[in-house]
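Engineer: Build me a model from this:
(chains A and B)
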Amino acid sequence: MEAFLFWTCGALMVFGGVMMVLQRSAVVAALWLVFAFIAAAGVFAVLSAPFLAIMQVLVYAGAIMVLFLFVIMMLQGPVMEGERRRMALPLWPGAAIPPLAVLVLVGGWLGRNSAGSFPAAPPAGFGSPGHVAAAMLGRYLLAFELISIVLLVAIIGALSLGHRERNQTWS
Amino acid sequence: MDIVLESLAKILFMFLLIMGMVPALIWAERKGAAFIQDRTGPNRASIGGVRLAGLVHPIADVLKLVFKEDVAPAGRHRALYNLAPWLVMAVAVSTYAVIPFGDYLEIGGKRIPLVVADLQVGLLYVLAVASLGTYGIVLGGWASNNKFTFLGGIRATAQMISYEISMGLAIMGLMLIFGTLRLTDIVAGQGGLLFGWLPMWGIVLQPLGFVLFITAVFAETNRNPFDLPEGESEIVAGYHLEYSSLKFALFFMAEYCHMVVGAAMISALYFGGYQIPWLPRPALEAHAGLLLTIAMVATVVVSLLFAVLFLRRVQREKGKFGDARDREPVLGAGLWLVMAAFAAGALVLRPWEIGPAGGSLVATFFQVGAFVGKVVFFAWLFIWVRWTLPRFRYDQLMRLGWKVMLPLGLANLVVTALVIAAVGSGK
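Structural biologist: Numbers count the residues shown, from 1 in each chain, chains lettered A, B, ... in the order given. You can find the predicted model right below:
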């Protein structure tokens, strides 16, 4: 059952990724990416990491992609004529991704251990919020704090850039 | 196999609770609005002359929406336009999976927990599903290919992202106090007493958190005073402007489902869920017979009171209308008399004295009743607020979200953490 769910979620994830690359409309592409994220959350859930799975949906699908969609729609507007226009160059490098993704999936399927089942059961409490918190604020505290600082710098940078521009256009 | 049947039964109960409350809420919204604005409200639709105080109107509504022509804009994005209402509806009903509606039900010595999915990360699940709810609205607005719907969708995105953060921060205070993300644990933790007399409800422990949470829930449900994505006076009807017939009905129903979900979350997190103050489960089980007797006596008295009121109307309004409407008070009096007879019969026969398991059943009955009662009250609160407060302006909404609620949420979190560090958590 677990193996079945794992491979189903994995296949759906790859399918979502492929569909995302093949879309001409940026909005629909973003939605396929959301689909792929939710499938990835399914993979996490099967791998006994419920906290990670929910966070994947909450942060990536629910917050970041909503903002992406917001920006795409703001720039594009509700007009559909743009959707029908051909996207010229960026499609071609992207076309290499789907075969690669399928290759990864097939490779994973072929390379699975002989029984086709999962390795030994994870230790008790694995993947629970407490477990993740202990790892993040214990062993990996330095990396965690460094990432926080990088994000903070990025936020301040974005704010200062955005603010200057607004002063010019909106007063 | 048992677990599948149990889960199906629980899902069915929750589904019926939501779907039963939706028409009732639509009725309450209309009658409540009429009451607050000093009007009569809906009183025309009838079945054989009986109008049931406007309760027939939701039925007429459903019939109208089912048989209406499904008009769709020509320039729509076909797939997304069709997907959006289903997305909204699916998100609205799936939050229910983790909200406990009772402690447990004991059948044949087996304890069935009264929650569909007791997730370890239940609180985060609620937030995650709520955040996915934005997609349905924003896609409906975008796929309709109309500037007004598009503006509604964009407004909904910005609003929901802004208020989700405050919502998460408000809930975090509760997470710290109860030291868990499991909703059943949080509700069970609210059963105790603080200082020996105060119910340990979330609102007592986190008063500021409650204010922030309820504000965020109002914003997330897109109800007044936060219904800017719809804003009739500004952008016609917002994101669902181009929807008609059953697709519109889905949006409409989803709004009321969201209200019920919001009410259930408020009562589960801040009002003890199924907990009855000063009456913990052992007390409920021990005094089951006494409690049921009191409840039945109260039912008889109230039913007889209403029956007398209706009987007086029968006498006073004899032949007032000269048509089928004259039957209404007779029917009302009859219904209340039947109700009183049932309660009186129960008092005489005492069917709850069915041995030791009976006490447990009665306790479960009272707890589920307490939960449903709280949900009904908070659903009414949504209606009450809608017809009392005016709509925010958009810049006011953003200022409230980012400059008032976010700092307050952070302050609440820091103070809660400091207090817990000093005193120890509520467990």
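Engineer: Can you pull up the most central residue in the chain?
Structural biologist: Just going to use chain A. Compute the mean C-alpha point of chain A, and by C-alpha atoms, centre = their mean the closest residue is A:Phe37, 4.6 Å away.
Engineer: other chain: chain B
Structural biologist: B:Val260 (2.1 Å).
Engineer: May I have the phi/psi pair for B:Leu198?
Structural biologist: phi -90, psi 130 (degrees, to the nearest 10).
Engineer: Count the neighbours of it for me.
Structural biologist: Using other C-beta atoms under 10 Å in any protein chain shown, B:Leu198 has 13 other residues around it. C-betas here are computed from N, CA, C, even on glycine.
Engineer: partner residues bridging it?
Structural biologist: With DSSP bridges as the criterion, B:Leu198 is bridged to B:Leu194.
Engineer: Look at the closest residue to B:Ser267 other than its chain neighbours and report its pLDDT.
Structural biologist: Nearest residue to B:Ser267 in three dimensions, chain neighbours excluded: B:Lys374, at 3.7 Å (C-beta to C-beta, 6 or more residues apart in numbering or on different chains). Looking at B:Lys374, its pLDDT is 90.
Engineer: got the contact list for B:Lys374?
Structural biologist: By C-beta atoms under 8 Å, 6 or more residues apart in numbering or on different chains, the residues touching B:Lys374 are B:263, B:267, B:271, B:273.
Engineer: Please apply the same query to B:Trp336.
Structural biologist: Going by C-beta under 8 Å, 6+ apart, B:Trp336 touches B:303-304, B:306-307, B:310.
Engineer: switch the cut-off to 10 Å
Structural biologist: Taking C-beta atoms under 10 Å, 6 or more residues apart in numbering or on different chains, we find B:Trp336 in contact with B:302-311.
Engineer: follow-up on the earlier one: secondary structure class for the residue nearest to the centre of chain B?
Structural biologist: In three-state terms, and counting by DSSP: H, G, I helix; E, B strand; the rest coil, B:Val260 is helix.
Engineer: Most neighbours among the contacts of B:Lys374, which one?
Structural biologist: Within those, most neighbours by other C-beta under 10 Å means B:Gly273, with 30 neighbours.
Engineer: secondary structure class for that residue?
Structural biologist: Assignment for B:Gly273 (three-state DSSP): coil.
Engineer: which residue packs closest to it, ignoring adjacent ones?
Structural biologist: Using C-beta to C-beta, 6+ apart, the closest residue to B:Gly273 is B:Val187 (3.6 Å).
Engineer: pretty sure the one you found is in contact with B:Pro113, am I right?
Structural biologist: No - the criterion here is C-beta atoms under 10 Å, and B:Val187 misses it with B:Pro113 at 11.2 Å.
Engineer: anything in contact with each of those two?
Structural biologist: Common neighbours of B:Val187 and B:Pro113 (C-beta under 10 Å, 6+ apart) are B:100, B:102-103.
Engineer: Which of those residues sits closest to chain A?
Structural biologist: Nearest to chain A among the shared contacts of B:Val187 and B:Pro113: B:Pro100, at 17.9 Å, using C-beta to the nearest C-beta.
Engineer: For the nearest residue to that closest one once chain neighbours are set aside, which three-state class applies?
Structural biologist: Among residues not flanking B:Pro100 along the chain, B:Val115 sits closest, at 3.9 Å (C-beta to C-beta, 6+ apart). Here B:Val115 is recorded as coil under three-state DSSP.
Engineer: How many neighbouring residues does B:Val115 have?
Structural biologist: Residues near B:Val115, counting by other C-beta under 10 Å: 25.
Engineer: circling back to that earlier point, export the host helix or strand of the residue nearest to the centre of chain A as CSV, just CAs?
Structural biologist: Taking DSSP states H and E as the criterion, the element that holds A:Phe37 is helix A:26-46. What follows is helix A:26-46, C-alpha atoms only, in CSV (Å, rounded to 0.1, in the frame of the first residue of the first chain):
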residue,chain,number,x,y,z
ALA,A,26,2.0,31.3,-17.3
VAL,A,27,-1.1,31.1,-15.0
VAL,A,28,-1.8,27.5,-15.9
ALA,A,29,1.9,26.6,-15.6
ALA,A,30,1.9,28.0,-12.1
LEU,A,31,-1.2,25.8,-11.3
TRP,A,32,0.6,22.7,-12.6
LEU,A,33,3.5,23.6,-10.3
VAL,A,34,1.0,23.8,-7.4
PHE,A,35,-0.2,20.3,-8.4
ALA,A,36,3.4,19.0,-8.4
PHE,A,37,4.0,20.6,-5.0
ILE,A,38,0.9,18.9,-3.5
ALA,A,39,2.1,15.5,-5.0
ALA,A,40,5.5,16.1,-3.4
ALA,A,41,3.7,16.6,-0.1
GLY,A,42,2.1,13.2,-0.7
VAL,A,43,5.5,11.7,-1.2
PHE,A,44,6.6,13.2,2.1
ALA,A,45,3.5,11.9,3.9
VAL,A,46,4.2,8.4,2.7
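Engineer: All set, thanks.
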